[in-house]
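Q: Sequence plus predicted model, see below.
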Amino acid sequence: MSTAAIIVAAGRGARAGADIPKQYRLLLGRPVLAWSVAAFAEAGVETIVVVHPPGAAEQARAALGDHNAILVEGGATRTDSVRAGLGAVQDADVILIHDAARPGLKATLVRDLIARVRQGAVAVAPGLPVPDTLLRADESGRVTGELDRAGAMRAQTPQAFAAAALHAAYAAAADAIFTDDLAVVRAQGGETRLIAGDPRLMKITYPEDAAMLERMLSGERIVCVGNGVDAHRFGPGDHVTLCGVQIPHDRGLVGHSDADAGWHALVDALLGALGQGDIGAHFPPSDPQWKGADSERFLHHAVNLATTAGARIVHVDITLICERPKIGPHRDAMRARTAEVLGLSLDRVSVKATTTERMGFLGREEGLAAQATATLDRPA
């Protein structure tokens, strides 16, 4: 029996408080959407469909990382988006429908749900009992009554279905709108069942939910610190580039790329914390394609490696060592550019400067140097 998964990721996520839809924000270094795609892939699901917001195909594709999925444009409601996804999985025997905003999905649960359908279940989903007292309240918060919680369950996703029954239920439902897919099957008389759910499958709805879920999903993690050092000679030119900022100077820096010593040291620091070698191994000076290259490309590469490894960049600290040019007037611009590229808040980026008190090659203004330290939180 062939399997397919539809991941509904077409919402705006306004209540989550992010400046981008919640399915694309980072969770422990990976886009929220990527967590679910990875779980379905690990479980061996043959076809994965991601239903994205209108016009957001490239954003969805970028969030997939190294995973493959069919991208489908969603509709105005969740039900419309599921219908769009169903159109891409006509040949599957077992269909799972999942909300991208529930990234705590594990492959073991996916396999269990598929097994239940293969054993004859029409529709099955994970669920958790409701342990709290349930009250009804008006808009002012005044309690108006109590609800009986006996047998009350919180339905989660993914919800798994015998494909023929699901297609038939959606066809019979016409233009009706439903809150979840069990309800669609149930409305047509189909039997639906629940199995034990997982607290880690909580849905990201409000700003505080992401922080809570990170704590639940982090498992055993370690803090890794990497260090980087770089130096470049002065040569002909009228400016130097440091931490992505062009600074007027009576000389330039000699290097195969743009000779941005600050960012080169930072790339090495990030690679060091990841155990991924050094900048020369990733961008060999002997390769002509990197001649004159903007070091932002190198920094993006290191950030992508961190994301793929499930790591999160916590803080970076760069020290520039030179007599001239003066760094102070440009420090804020350097911090801002570095924070922008790394996706960090400004208070997690430090740029400092010092001299060697006229000692050595730096003191003689033969060149400049940089040191960087990067702190990453990553899986153990």
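A: Sure thing, it's come through.

Q: Would you mark the buried spots in the host helix or strand of residue 372?
A: Secondary structure from DSSP states H and E places residue 372 in strand 367-379. By neighbour count with 16 or more other C-beta atoms under 10 Å, strand 367-379 contains the buried residues 367, 368, 369, 370, 371, 372, 373, 374, 375, 376, 377, 378. (Glycine included, C-beta is placed from N, CA and C.)

Q: repeat for stretch 27-45
A: Going by 16+ other C-beta under 10 Å, stretch 27-45 has these buried residues: 27-41, 43, 45.

Q: cool, and stretch 103-119?
A: Buried, per 16+ other C-beta under 10 Å, within stretch 103-119: 103, 104, 105, 109, 110, 112, 113, 114, 116, 117.

Q: Please tell me how far the fifth one sits from residue 210.
A: Meaning residue 110. Distance of residue 110 to residue 210, given as C-beta to C-beta, to the nearest Å: 22 Å.

Q: now do residue 115
A: On the measure of C-beta to C-beta, residue 115 and residue 210 end up 31 Å apart.

Q: Residue 306: what's it in contact with?
A: Applying C-beta atoms under 8 Å, 6 or more residues apart in numbering, we find residue 306 in contact with 29, 270, 274, 312, 313, 376, 378.

Q: Next, the second one: phi, psi?
A: Phi and psi for residue 270, reported as degrees, to the nearest 10, are phi -70, psi -40.

Q: Residue 312 is in contact with that one, correct?
A: No: using C-beta atoms under 8 Å, residue 270 makes no contact with residue 312, being 11.8 Å away.

Q: Comparing these two, which residue is more hemmed in?
A: Counted by other C-beta atoms under 10 Å, residue 270 and residue 312 do not tie: residue 270 has more neighbours, with 27 against 20.

Q: Please name the spatially closest residue to the more buried one (chain neighbours excluded).
A: residue 302 (4.0 Å; C-beta to C-beta, 6 or more residues apart in numbering).

Q: Name the SS class of that neighbour, please.
A: helix (DSSP: H, G, I helix; E, B strand; the rest coil).

Q: Quick one, grab the pLDDT at it.
A: pLDDT, residue 302: 95.

Q: Also the one 5 residues further on?
A: Predicted confidence (pLDDT) at residue 307: the value is 85.

Q: Which residue is the nearest non-sequential neighbour of it?
A: Nearest residue to residue 307 in three dimensions, chain neighbours excluded: residue 29, at 5.2 Å (C-beta to C-beta, 6+ apart).

Q: Hmm, residue 305 and the one you found touching each other?
A: No: between residue 29 and residue 305 there is no contact under C-beta under 8 Å: 10.5 Å.

Q: How much space separates residue 75 from residue 84?
A: As judged by C-beta to C-beta, residue 75 and residue 84 stand 6 Å apart.

Q: Quick one: end-to-end distance for stretch 57-70.
A: 10 Å (C-alpha to C-alpha, to the nearest Å).

Q: Could you list the residues in contact with it?
A: 7, 9, 20, 23-24, 30-34, 37-38, 41, 47-50, 52, 71, 73, 88, 307-308.

Q: again, 6 Å this time
A: The set of residues external to stretch 57-70 that reach it, using C-beta atoms under 6 Å, 6 or more residues apart in numbering, is 24, 31, 33, 34, 37, 41, 48, 49, 50, 52, 71, 88.

Q: Sort out for me which of the residues you listed are in helices.
A: Judged by DSSP state H, those include 33, 34, 37, 41 as members of helices.

Q: Quickly name whichever of the residues you listed is closest to residue 152.
A: residue 33 (30.0 Å; C-beta to C-beta).

Q: Correct me if wrong: residue 255 contacts residue 230.
A: No: contact criterion C-beta atoms under 6 Å: residue 255 and residue 230 do not qualify, at 9.1 Å.

Q: list the contacts for the residue nearest to residue 270?
A: By C-beta under 6 Å, 6+ apart, residue 302 lies in contact with 267, 270, 271.

Q: For the last one, grab the count of nearby residues.
A: When neighbours are counted by other C-beta under 10 Å, residue 271 registers 23.

Q: what residues are up against it?
A: Contacts of residue 271 by C-beta under 6 Å, 6+ apart are 277, 302.

Q: what's the pLDDT at residue 380?
A: Reported pLDDT for residue 380: 72.
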